[in-house]
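Undergrad: structure here, sequence nowhere to be found:
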């Protein structure tokens, strides 16, 4: 039984979201490398895109399973619901990208899925346990990133307190390649998995997948390719906010921020918890900056970022609910 064009269209919309996730969140992977001048912006996004693509080989598809069956009751999922959820998330992604706000593509997608689910079947459609777990990590992921960033930067400062600036710069310039690779793996392993989970939910809801929840390899490769290509296009507006406006970083600070973010992301991904790479790396950068002095962090910029975080799920949920109600008028099964 072949997949009809209508379903292929929704899959393409999902991959378009994944692409927008890549260019929207490219700053998360490369901002520190660009701001510390370890790589040019173009070289940095290519570096990040490669590790985005291969992430599924290392980290598996745990997050995809959470999204596919742990947010909205699978029994109420329809192609129209998924399409509306994706449209709401894409609108929010493009809006925040335009204004240079590093909001969470992940939470935009989750908010979109939830909003469309409520519009379709009411509050009973939502799996409260899954949403509570995600809500906890909206708070915890930036705090964990911040704490790890602070601890790593404190240790590096202590251990290299007698080293010459030239030696420190030379060593951490190379170590940033390691930390950036690890962070990009975490980004690809967590963020692309959310789209993979949506496509799998679509295929189950329409009867093209059966049995225990699993993800076809072609879905994984398509989603990882889309996020990798999106990262290569890059989100230069957000790179500027993340790499320059929150705090000024040296190469050792860039390493500590990326390493803290990578540890947080990879741990969450292996646990199947969808978290925000944006929240995580912003927290890590703030933690690193605060080791110098609290005034080294531009808390006004950080406050604007936090507002974007808080608004993301409700705003994308509203946009997706409206999209569902409008699309239902024209939808033909």
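TA: Perfect, thanks for sending it. Predicted model only: the values in this text are computed from it and were never measured.
Undergrad: residue 8: how many residues sit nearby?
TA: Neighbours of residue 8 under the rule other C-beta atoms under 10 Å: 11. Just so you know, the C-beta spots here come from the backbone N, C-alpha and C atoms, and that holds for glycine as well.
Undergrad: what's downstream of the strand or helix carrying it, the next helix or strand?
TA: Assessed by DSSP states H and E, residue 8 sits inside helix 5-35. As assigned by DSSP H and E, the chain's next helix or strand after helix 5-35 is helix 41-59.
Undergrad: now do that following helix: which elements does it pack against?
TA: helix 5-35, helix 165-205, helix 217-233, helix 251-270 (3 or more C-beta pairs under 8 Å, 6 or more residues apart in numbering; DSSP states H and E).
Undergrad: next, residue 323: secondary structure please.
TA: With DSSP: H, G, I helix; E, B strand; the rest coil as the basis, residue 323 sits in helix.
Undergrad: which one, of the helices and strands packed on helix 41-59, ends up nearest to residue 331?
TA: Ranking these by their distance to residue 331 (criterion: C-beta to C-beta) puts helix 5-35 first, at 9.4 Å.
Undergrad: and the closest one, what's its mean pLDDT?
TA: For helix 5-35, mean pLDDT rounds to 79.
Undergrad: what is the burial count for residue 287?
TA: When neighbours are defined as other C-beta under 10 Å, residue 287 has 29 of them.
Undergrad: that one touches residue 143, doesn't it?
TA: No - no contact is recorded between residue 287 and residue 143 when judged using C-beta atoms under 8 Å, the distance being 9.1 Å.
Undergrad: mutual contacts of these two, please.
TA: Overlap between the contact sets of residue 287 and residue 143, as judged by C-beta atoms under 8 Å, 6 or more residues apart in numbering, is nil.
Undergrad: in a markdown table: the helices and strands packed on helix 41-59, plus distance to residue 53.
TA: Rendered in a markdown table, the data for the helices and strands packed on helix 41-59 read as follows (distance: least, C-beta to C-beta, whole Å):
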| stretch | distance to residue 53 |
| --- | --- |
| helix 5-35 | 10 |
| helix 165-205 | 7 |
| helix 217-233 | 4 |
| helix 251-270 | 15 |
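Undergrad: of all these, which gets the most neighbours per residue?
TA: Of all the helices and strands packed on helix 41-59, helix 251-270 has the most neighbours on average by mean count of other C-beta atoms under 10 Å, namely a mean of 27.
Undergrad: elements contacting that helix?
TA: Here helix 251-270 touches helix 5-35, helix 41-59, helix 62-70, helix 128-159, helix 165-205, helix 277-289, going by 3+ C-beta pairs under 8 Å, 6+ apart.
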